[in-house]
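Chemist: What follows is a predicted structure for the sequence shown.
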Amino acid sequence: MKDLNKPFHFWMMMLAGLLFVACDASNGTADSAKAAKEVTPEVTSEAAKSGAEIVMYKSPTCGCCGSWAEHLRDAGFTVKEIKREDMDTIKAQYGVPDKLASCHTALIDGYIIEGHVPAADVKRLLKERPNIAGLTAPGMPMKSPGMQDKGQKPEGYDVLSFDKNGKAAVFSHY
């Protein structure tokens, strides 16, 4: 019976996180309330196939995050960038374990995308729909999208899948 409550607790945490974003005015704009409406875990699979919106939280001073967003746009995704000073809070809100963290946190179709995950992996995730919390490229791999010149292939790192308990496995190897 205990295991049956895990999905319930996950979605309750997601709902609490959305309410927190709606009430948080720390970025000094009205974007927080608007973002809470737009960051819903249920996006239709039709939308996922046709350039679903990725909502990305990033530090206002991080340039590589913007480059990663451009990589995703080039791959057909719509990316909404939300600048936040409290990235540790965002990561905690969405359940990103410290050991799997990177510079930005993004959400798409009920999944978390942490860091410089290639667009091809995001597309594969949305196609296969595994029972995981999301994907991560921990740290800031030097030869990953957003961390190297545009158009270069990812090299020398792993993209990991992770579940809501923080258990990770290799999703892709570059």
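Modeler: Structure received.
Chemist: what's the weakest-modelled helix or strand in the protein?
Modeler: helix 31-38 (a mean of 35; mean pLDDT, DSSP states H and E).
Chemist: now the strands for this protein?
Modeler: 53-58, 78-83, 105-108, 111-115, 134-137, 158-162, 168-173 (DSSP state E).
Chemist: partner strands of the last one, parallel or antiparallel?
Modeler: Based on DSSP bridges, the pairing partners of strand 168-173 within the sheet are strand 158-162 (antiparallel).
Chemist: Contacts for the partner strand next, please.
Modeler: Contacts with strand 158-162, where a contact means CB atoms under 8 Å, 6 or more residues apart in numbering, come from 97, 100, 117-118, 121, 130, 132-138, 168-174. All C-beta atoms are positioned from the backbone trio N, CA, C, and that covers glycine.
Chemist: make it 7 Å
Modeler: 100, 117-118, 121, 130, 132-138, 168-173 (CB atoms under 7 Å, 6 or more residues apart in numbering).
Chemist: so how far is stretch 87-98 from its chain's centroid?
Modeler: 11 Å (CA atoms, centre = their mean, to the nearest Å).
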